[in-house]
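>>> I'd like to go over a predicted model; first the sequence, then the structure.
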Amino acid sequence: MKKLYRSKTNRIIGGVIGGLGEYFNIDPVILRLVWVVIVVFTALIPGIVVYILGMFIIPEAPTHTHTKQT
């Protein structure tokens with residue numbers, strides 16, 4: 001079973017969006033652009049709060065887990 005982790009390799013701030021990209025097998029750049037659009041249209045604060053909560057809730061990837069890059 002696949003688990004959601006924050007990315008250790010594909011991160012800019014906390015690795016939340018990089019981890020989501022690895023989990024859903026989507027390019028994290030696309031997810032980051034979508035996140036920026038959502039944050040801008042929701043008056044910044046809710047999107048930033050959700051990201052910070054994600055940093056605390058989603059565990060960081062263990063060092064022994066290798067993600068398959070295709």
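All right, it came through fine. Residues are numbered from 1 along each chain as shown.

>>> all contacts plus neighbour counts: C-alpha atoms, from now on.
Noted.

>>> what about the residue at the greatest distance from the centre of the chain, which SS state?
Most distant from the centre of the chain: Ala43, at 20.2 Å, with distances by C-alpha atoms, centre = their mean. Three-state call for Ala43 (DSSP: H, G, I helix; E, B strand; the rest coil): coil.

>>> just give the nearest non-adjacent residue to Tyr51, would you?
Taking C-alpha to C-alpha, 6 or more residues apart in numbering, and ignoring the residues beside it in sequence, Tyr51 has Val16 as its nearest neighbour in space, at 7.2 Å.

>>> could you check how far Gly47 is from Phe41?
9 Å (C-alpha to C-alpha, to the nearest Å).

>>> which one of these two has more residues nearby?
Gly47 (18 against 10; other C-alpha atoms under 10 Å).

>>> what is the helix or strand hosting that one packed up against?
If you go by DSSP states H and E, Gly47 is part of helix 45-57. Counting contacts by 3 or more C-alpha pairs under 8 Å, 6 or more residues apart in numbering; DSSP states H and E, helix 45-57 is packed against helix 16-24, helix 28-41.

>>> now stretch 32-39: buried residues?
Within stretch 32-39, the residues scored as buried using 16 or more other C-alpha atoms under 10 Å are 32, 35, 39.

>>> how about the nearest residue to the first one, chain neighbours excluded?
Nearest in space to Arg32, with sequence neighbours left out and distances taken as C-alpha to C-alpha, 6+ apart, is Ile17 at 6.6 Å.

>>> lovely, talk soon.
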